[in-house]
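Asker: Pasted the sequence and its predicted model underneath.
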Amino acid sequence: MGHHHHHHHGHAHGHSHTSNKKALLGSFLLISAFLVVEVIGGIITNSLTLLSDAGHMLSDVASLGLSYFAVKLGERKGTQEKTYGYKRFEIIAAALNGITLIVVSVLIFYEAFHRLFAPQEVQSTGMLLVSILGFVVNIIAFWMLMKGDKDENLNVRSAFLHVLGDMLGSVGAIVAALLIMFFGWGIADPLASVIVSALILISAFRVTKESFHILMEGAPEQIDGEQVKKVLGRIPMVKEVHDLHIWTITSGYPILSCHLTIADHGVHDEVLSCAQKILHDEFAIEHSTIQVERAANGCPSPHGTCN
């Protein structure tokens, strides 16, 4: 049987969880402070690029705050009503982030479109100073989030994408400020804001799509259901695998349930522990509910195709 590598959970999971919290909180505080500077700078210099970047930063602050809150909330233990605890809130946070970003982008597009036909006077020196400061702030936040668990955690990744988009936004603002300064190209300001928005839109769409997939109980992309079925079917004494469902509670938390039909002389517990070991070792599925039934007894499930 082919072995799929997977990350070891347990200790590593706890460690990445703490680093996620630190990264999110640190970057949240840093970007919140700069947001105030950028809004004031944008208004004083009359720069749409700065204001669009500030709009993006505002969604960043909301995103980072929401992500941090989600991680904190996810720590709460399961209750009778919420048996999985609050882990799913991380995905709701990621979805809200994505949607907010899409709205922000559309608003900036609209404003930039008007400015393209009537470029406005922009104070390039102030704009340049604020955008350089913004770039530095973003690099620090970016570095903080790099140390988090962005590959495994959709919530941290959505925050990471926000900050990455911001960094590009600051670069756009710096370039636009220089073009206005040296060439008097007033049009550079709305153009830069359009480019920033387009970048925001792409990452926002991705995060939203992924979070909706999880909220709709979609199967995790890294786990192939057919492959799982095949591998379970190869367990000695297993005659059939059906009613297989795989879904995700939150990033890195896949869950599986299925029915296994075994030969009449098969040993229930042996098959069960073998199945759970395979799911854990090969597919990194730690939470599985498996119903084992004998072929002779028929299948209790109405969808079952037991003989």
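Answerer: Sure thing, it's come through. Residues are numbered from 1 along each chain as shown.
Asker: Only C-alpha atoms from now on, for both contacts and neighbour counts.
Answerer: Fine.
Asker: ranges for the strands of the protein?
Answerer: Taking DSSP state E as the test, the strands found in the chain are 238-248, 254-262, 287-294.
Asker: can you list these in JSON lines and add mean pLDDT, mean neighbour count and distance to residue 24?
Answerer: Shown next, in JSON lines, are the strands of the chain (pLDDT from 0 to 100; neighbours: other C-alpha atoms under 10 Å; distance: least, C-alpha to C-alpha, whole Å):
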{"stretch": "strand 238-248", "mean pLDDT": "90", "mean neighbour count": "19", "distance to residue 24": "23"}
{"stretch": "strand 254-262", "mean pLDDT": "91", "mean neighbour count": "21", "distance to residue 24": "24"}
{"stretch": "strand 287-294", "mean pLDDT": "89", "mean neighbour count": "17", "distance to residue 24": "28"}
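Asker: isn't residue 262 right next to residue 237, touching?
Answerer: Yes. Taking C-alpha atoms under 8 Å as the definition, residue 262 is a contact partner of residue 237 at 5.4 Å.
Asker: Outline the domain layout of this protein.
Answerer: For the chain, the structural domains run 14-216, 225-297, going by the TED database.
Asker: correct me, but residue 115 touches residue 190?
Answerer: Yes. Under the contact definition of C-alpha under 8 Å, residue 115 touches residue 190, with a separation of 6.1 Å.
Asker: distance of residue 48 from residue 138?
Answerer: In this view, residue 48 and residue 138 are 19 Å apart by C-alpha to C-alpha, to the nearest Å.
Asker: any idea which helix is longest in the protein?
Answerer: Identified as the longest helix of the chain according to DSSP state H is helix 11-45.
Asker: Just the buried residues of that one, please?
Answerer: For helix 11-45, the neighbour count (16 or more other C-alpha atoms under 10 Å) marks 16-17, 19-28, 31-32, 34-35, 38-39, 41-42, 45 as buried.
Asker: For the domains of the chain, state which one has the densest average packing.
Answerer: Among these, domain 14-216 has the highest mean neighbour count (mean count of other C-alpha atoms under 10 Å), at a mean of 20.
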